[in-house]
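Trainee: the following comprises the amino acid sequence and a computationally predicted model.
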Amino acid sequence: MTASRLLTLLSDPYPVLGIASHLSASAGLAEHTDGSGNALSRAELALQRARRLGPAQPPQWYDEATATLLRRRLTIEQDLPGALLRGELDLLFQPVVELPSGRVAGVEVRPRWRRAGLGAVTDTEFLPVADQLSLHHELGAWLLAAAGRQLARWDGTPPLWLAVTVSPALLTSDGFVDLVAATGFPPSRLVVQFTVPEPPLPDLVDRLTAVRTLGARTALNGFGIQATSLSLLRRLPLDLVRVDRRTFAGRRRRWSRRW
């Protein structure tokens with residue numbers, strides 16, 4: 001195939017001022033069969049898919065299912081920056097039950113985005129886009145403030161704690177610890193959930209220690225799915241480890257205290 005040969009040729013190193021340099025190239029292809037003149041736009045969608053897959057990928061062919069997903073992704077990228085101003089974000093709450101008593105000990109909170117034309121967009125779909133668009137700090141501040149206001153309305157005896165998942169980009173941002181300190185509710189009632197960034201931050205231990213110094217607790221999310229070493233697990237200042245039961249069987253999750 002001509003496209004594959006071109007990508008192979010372009011990937012070969014070439015000398016520039018005596019230094020070997022490399023190019024990365026992507027290719028998107030579409031069949032021109034219906035005479036509608038849409039072949040170029042379809043090839044462009046296939047090219048965008050190839051670019052998102054990263055370098056050293058074979059040429060990508062257009063297909064309708066992939067194009068639908070890509071159009072949705074592009075719409076999310078275009079509309080997400082104004083979601084807060086339009087008031088389109090709300091919160092989903094899931095109780096965390098203490099076993100074996102069955103008492104509700106805390107609440108896990110997750111953001112949800114409702115956008116006309118997209119329906120309900122889950123956080124697993126739009127938060128990675130928010131990280132790429134550098135919206136993580138803005139959304140993180142809103143999430144903590146909105147969840148704190150709701151938690152105050154639920155105040156009771158014993159008080160509930162609130163588990164908030166923070167993205168790797170928010171966890172690694174310079175103002176993250178200050179953001180936790182300015183939540184507006186007692187840090188002792190906050191559990192900061194996170195997944196280990198790839199690659200792990202050199203100062204991840206210091207960041208988590210600073211969060212715990214404020215009185216908040218830390219929880220490793222989805223342990224068992226990521227390739228998190230036990231040595232790293234022991235070094236991290238953790239209060240809770242959230243074990244994903246898909247590691248063993250089924251798809252449910254459970255909470256476990258750090259051993």
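Mentor: Happy to help now that I have it.

Trainee: pretty sure Ser4 is touching Gln60, no?
Mentor: No. If you go by CB atoms under 8 Å, Ser4 and Gln60 don't touch, sitting 11.4 Å apart. C-beta: built from backbone N, CA, C; applies to glycine.

Trainee: between these two, which contacts overlap?
Mentor: Ala27 (CB atoms under 8 Å, 6 or more residues apart in numbering).

Trainee: show me which of the two is the more surrounded one.
Mentor: Comparing Ser4 with Gln60 by other CB atoms under 10 Å, the one with more neighbours is Gln60, at 23 against 11.

Trainee: pull the contacting residues for the more buried one.
Mentor: Ser26, Ala27, Gly28, Leu29, Ala46, Leu47, Arg49, Ala50, Leu53.

Trainee: next up, the contacts around the fourth one.
Mentor: It refers to Leu29. Going by CB under 8 Å, 6+ apart, Leu29 touches Ala3, Ala43, Ala46, Pro59, Gln60, Trp61, Tyr62.

Trainee: contacts for the host helix or strand of the second one next, please.
Mentor: Put plainly, it is Ala43. Assigned by DSSP states H and E, Ala43 belongs to helix 39-53. Contacts with helix 39-53, where a contact means CB under 8 Å, 6+ apart, come from 26-32, 57, 59-62, 66-67, 70-71, 74.

Trainee: can you select the buried ones among those residues for me in PyMOL?
Mentor: Of the contacts of helix 39-53, the buried ones can be selected in PyMOL as follows, counting by 16 or more other CB atoms under 10 Å:
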select buried, resi 26+27+28+29+30+57+59+60+61+62+67+70
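
Trainee: hang on, isn't Pro111 packed against Leu91?
Mentor: Yes. With contact defined as CB under 8 Å, Pro111 counts as touching Leu91 (6.2 Å).

Trainee: buried ones in the top strand by length along the chain, by neighbour count?
Mentor: Scanning the chain for the longest strand, with DSSP state E as the assignment, gives strand 103-115. For strand 103-115, burial by neighbour count (16+ other CB under 10 Å) applies to Gly106, Val107, Glu108, Val109, Arg110, Pro111, Trp113, Arg115.

Trainee: nearest to Leu230, of the residues you listed?
Mentor: When the buried residues of strand 103-115 are compared for distance to Leu230 (CB to CB), Glu108 wins out at 25.1 Å.

Trainee: for that closest one, list each beta-bridge partner.
Mentor: Under DSSP bridges, the beta-bridge partners of Glu108 are Gln94, Ala163.
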